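Peer 1: Pasting the sequence and the predicted coordinates here, then a few questions.
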Amino acid sequence: MSSIIAPHSGAVAFGELRRILLIRLSALGDILLMTPLLNLLRATCPQAQVDVLIKAEYRDLLRAHPGITRLLTFDSRQSLLRTLRGLRADRYDLALDLHCTPRSQLLLRGLRARRKLVYNKRVLRRALLVRLGWNTLRRMTPVPEIYAAPLRRLGLTGRLGAPTMYLDPESAEAMQTHVVRSLPGATNQPLLAVAPGARWPTKRWPVERFAAVAQALAREKQASVVILGGPDEAQLAHILCDNLDVPVVNGAGALSLMHSAALLSRCRLLISNDSGLMHMAAALQVPVVAVFGPTVQEFGFYPFQARAEVVSEPLSCRPCSTKGSMRCPRGHHACMQDISSARVLAAARATWESGVA
């Protein structure tokens, strides 16, 4: 159950709220999965001050969002007390912690807010499924709906839309120029995005198979390949490049989040692991083919209201973790190794050819 720290009885008149704060410090996908609730709150409370607190490194994800009054950032190097001092200046009518970590809960408790809520992370239910195989999450509830649940119980109505990410014009123009410079003579070709990385190794499908799928589809569709990822995925991107002989734009580790989004928005399709870039594609309305291994749809992190197809293996040892891990607990990594390039290529080809792209 969500915890109402400052309890009040009765439904909330959301249209009368004047100051609202949403807290979701990280990470990429989780922040974007918050935007359906953010958009619904903005539509329900058009005159309200709607502030959002995130880590500074993720600022690009929301800095162009038109529904945010103030985008507040937390730098992990600064003290919690300093951040809290700034927040306490605003007496929020409603503050909602969508992260539910010790740090975010300390921030929430220190606020001067009339009503303070936290969302239910379903930690116990996820642990029962991972550790004991007891599935009490048989009805898959998407994370955006889980985020909205505390406010639903207080009377918030309306349908959640898809995640959203807004680009600034300068970044869109910069990436158009970048593509022209990177693909001389091939600028009219469609773009196929590939994101071979993921935060945890067990969530990574073999990079050579990404290369095989990208090579085959790019040749079929006369497309160029765009490689995306953060600095930690630069080595994977180099391996991918070495296995391709089609035109390539390698943006892994070289682009900001906003520039990555601007480049991804120009692509016809993204092929990825279960990663933040999968959710970025959904927020940009770019179709996705995603390979899932140790995690399952019951956790709620599948692409939300997206043009997406997920490829996975129905193994008895899945899920083995809630977020991925450094190594397979059983040593075989069959959840990824058993997914062939042919299966992913078929999914990518069907998505491309179906017209959804």
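Peer 2: Perfect, thanks for sending it.
Peer 1: so how far is stretch 117-135 off the chain centroid?
Peer 2: Distance of stretch 117-135 from its chain centroid, counting by C-alpha atoms, centre = their mean, to the nearest Å, is 20 Å.
Peer 1: And stretch 34-45, by the same measure?
Peer 2: Stretch 34-45 has its average C-alpha position 17 Å from the chain's average C-alpha position, going by C-alpha atoms, centre = their mean.
Peer 1: quick one: average pLDDT of that stretch?
Peer 2: Averaged over stretch 34-45, pLDDT sits at 97.
Peer 1: where do the strands sit along the protein?
Peer 2: 3-4, 19-23, 49-55, 70-74, 92-97, 113-118, 191-195, 224-227, 248-250, 269-273, 288-291, 308-311 (DSSP state E).
Peer 1: so can I have CSV of those strands showing distance to Asn135?
Peer 2: (Glycine included, C-beta is placed from N, CA and C.) Below are the strands of the chain laid out as CSV (distance: least, C-beta to C-beta, whole Å):
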stretch, distance to Asn135
strand 3-4, 25
strand 19-23, 30
strand 49-55, 32
strand 70-74, 35
strand 92-97, 27
strand 113-118, 25
strand 191-195, 29
strand 224-227, 36
strand 248-250, 41
strand 269-273, 23
strand 288-291, 21
strand 308-311, 18
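Peer 1: mind giving me JSON lines with these and columns for mean neighbour count, mean pLDDT and distance to Thr202?
Peer 2: Converted to JSON lines, those look like this (neighbours: other C-beta atoms under 10 Å; pLDDT from 0 to 100; distance: least, C-beta to C-beta, whole Å):
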{"stretch": "strand 3-4", "mean neighbour count": "14", "mean pLDDT": "40", "distance to Thr202": "32"}
{"stretch": "strand 19-23", "mean neighbour count": "23", "mean pLDDT": "97", "distance to Thr202": "29"}
{"stretch": "strand 49-55", "mean neighbour count": "20", "mean pLDDT": "97", "distance to Thr202": "24"}
{"stretch": "strand 70-74", "mean neighbour count": "17", "mean pLDDT": "95", "distance to Thr202": "29"}
{"stretch": "strand 92-97", "mean neighbour count": "24", "mean pLDDT": "96", "distance to Thr202": "29"}
{"stretch": "strand 113-118", "mean neighbour count": "20", "mean pLDDT": "95", "distance to Thr202": "29"}
{"stretch": "strand 191-195", "mean neighbour count": "27", "mean pLDDT": "98", "distance to Thr202": "16"}
{"stretch": "strand 224-227", "mean neighbour count": "26", "mean pLDDT": "98", "distance to Thr202": "21"}
{"stretch": "strand 248-250", "mean neighbour count": "20", "mean pLDDT": "97", "distance to Thr202": "25"}
{"stretch": "strand 269-273", "mean neighbour count": "26", "mean pLDDT": "98", "distance to Thr202": "10"}
{"stretch": "strand 288-291", "mean neighbour count": "26", "mean pLDDT": "98", "distance to Thr202": "12"}
{"stretch": "strand 308-311", "mean neighbour count": "18", "mean pLDDT": "96", "distance to Thr202": "16"}
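Peer 1: Tell me which of those strands lies nearest to Arg343.
Peer 2: Closest approach to Arg343 among the strands of the chain (C-beta to C-beta): strand 308-311, 5.7 Å.
Peer 1: Adjacent strands (with direction) for the closest one?
Peer 2: According to DSSP bridges, strand 308-311 has the following sheet partners: strand 288-291 (parallel).
Peer 1: Against Arg125, how distant is Leu132?
Peer 2: Noted for Leu132: a distance of 11 Å to Arg125, by C-beta to C-beta, to the nearest Å.
Peer 1: which one is Cys328 nearest to, not counting chain neighbours?
Peer 2: Distances taken as C-beta to C-beta, 6 or more residues apart in numbering place Thr202 nearest to Cys328, at 5.8 Å, with adjacent residues excluded.
Peer 1: who's in contact with Asp30?
Peer 2: Residues near Asp30 by C-beta atoms under 8 Å, 6 or more residues apart in numbering: 24, 98-99, 143.
Peer 1: Equivalent analysis for Arg199, please.
Peer 2: Contacts here follow C-beta under 8 Å, 6+ apart; on that basis Arg199 touches 27, 275-276, 323-324.
Peer 1: So among those residues, which ones count as buried?
Peer 2: Neighbour counting by 16 or more other C-beta atoms under 10 Å classes 27, 275-276, 323-324 among the contacts of Arg199 as buried.
Peer 1: any idea which of those is closest to Ala283?
Peer 2: Relative to Ala283, the closest of the buried ones among the contacts of Arg199 is Gly276; by C-beta to C-beta it sits at 10.3 Å.
Peer 1: thought that closest one was touching Ser26?
Peer 2: No. When contacts are counted by C-beta atoms under 8 Å, Gly276 is not listed as touching Ser26 (9.7 Å).
Peer 1: re the thing from before, so Leu132 and Arg125 - more neighbours on which side?
Peer 2: Arg125 (16 against 8; other C-beta atoms under 10 Å).
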